[in-house]
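Student: mind looking at a prediction? Sequence and model below.
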Amino acid sequence: VYARYTREWWVDTAIKFTVFGITGSAAMFLVRPLLGTYLGLHGSMVDGPWSYRVASLLLVTPTYSLILLVVGTLCGKHHFFRATVRRMWARLLPFLFKKKSLP
C-alpha cells in the first residue's frame, strides 16, 4: 500500500483502473457472440428477452472473474485482484464463503 497521492499510488491506481476497463470490455466482447452464435439469443439487458438477460448474467460473471484474474496477474497485481474476485463471489454466493464458527 502506497502513501496517497504519491507517484507510486497514482501508477498503482492507473494499473487497477486499466485492468478493470480491459476486463469489462473483454468479458462482453467474448460473451455476446457466444449468446448469439451458440445459444441463438439476441437482445440486450434493457430490451430483453428474459432468457438473454439470465444467460448473459450467468456467462458474464464467471468470464469476468477469470479475465480479471488473468489480466490482473499479467499486470503484477494478482493478490489484489484475487481478493476482489473472492469478495465478489462471496457476495453472490454467501453460503459458500461462510466463516466457520468455533465451538
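Tutor: That came in fine, so what should we check first?

Student: got a pLDDT number for residue 40?
Tutor: On the pLDDT scale, residue 40 is placed at 92.

Student: hang on, it in a helix?
Tutor: No: Residue 40: not assigned to a helix; according to DSSP: H, G, I helix; E, B strand; the rest coil it is coil.

Student: next, count neighbours for residue 76.
Tutor: Residues contacting residue 76 under the criterion other Cβ atoms under 10 Å number 11. Heads up, the C-betas are built off the backbone N, CA and C, glycines and all.

Student: so it sits in a helix?
Tutor: No: remark: residue 76 does not belong to a helix; assigned using three-state DSSP, it is coil.

Student: just the CA trace of stretch 18-34, in PDB.
Tutor: What follows is stretch 18-34, C-alpha atoms only, in PDB (Å, rounded to 0.1, in the frame of the first residue of the first chain):
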ATOM      1  CA  THR A  18      -6.900  -0.100 -16.700                       C
ATOM      2  CA  VAL A  19      -7.300  -3.800 -15.600                       C
ATOM      3  CA  PHE A  20     -10.900  -3.200 -14.700                       C
ATOM      4  CA  GLY A  21     -11.500  -1.500 -18.000                       C
ATOM      5  CA  ILE A  22      -9.900  -4.200 -20.100                       C
ATOM      6  CA  THR A  23     -11.700  -6.900 -18.100                       C
ATOM      7  CA  GLY A  24     -15.200  -5.500 -18.500                       C
ATOM      8  CA  SER A  25     -14.800  -4.900 -22.300                       C
ATOM      9  CA  ALA A  26     -13.200  -8.300 -22.900                       C
ATOM     10  CA  ALA A  27     -15.900 -10.100 -20.900                       C
ATOM     11  CA  MET A  28     -18.700  -8.500 -23.000                       C
ATOM     12  CA  PHE A  29     -16.700  -9.000 -26.200                       C
ATOM     13  CA  LEU A  30     -16.400 -12.700 -25.600                       C
ATOM     14  CA  VAL A  31     -19.900 -13.400 -24.200                       C
ATOM     15  CA  ARG A  32     -22.100 -11.600 -26.600                       C
ATOM     16  CA  PRO A  33     -21.100 -13.600 -29.700                       C
ATOM     17  CA  LEU A  34     -21.500 -16.800 -27.600                       C
END
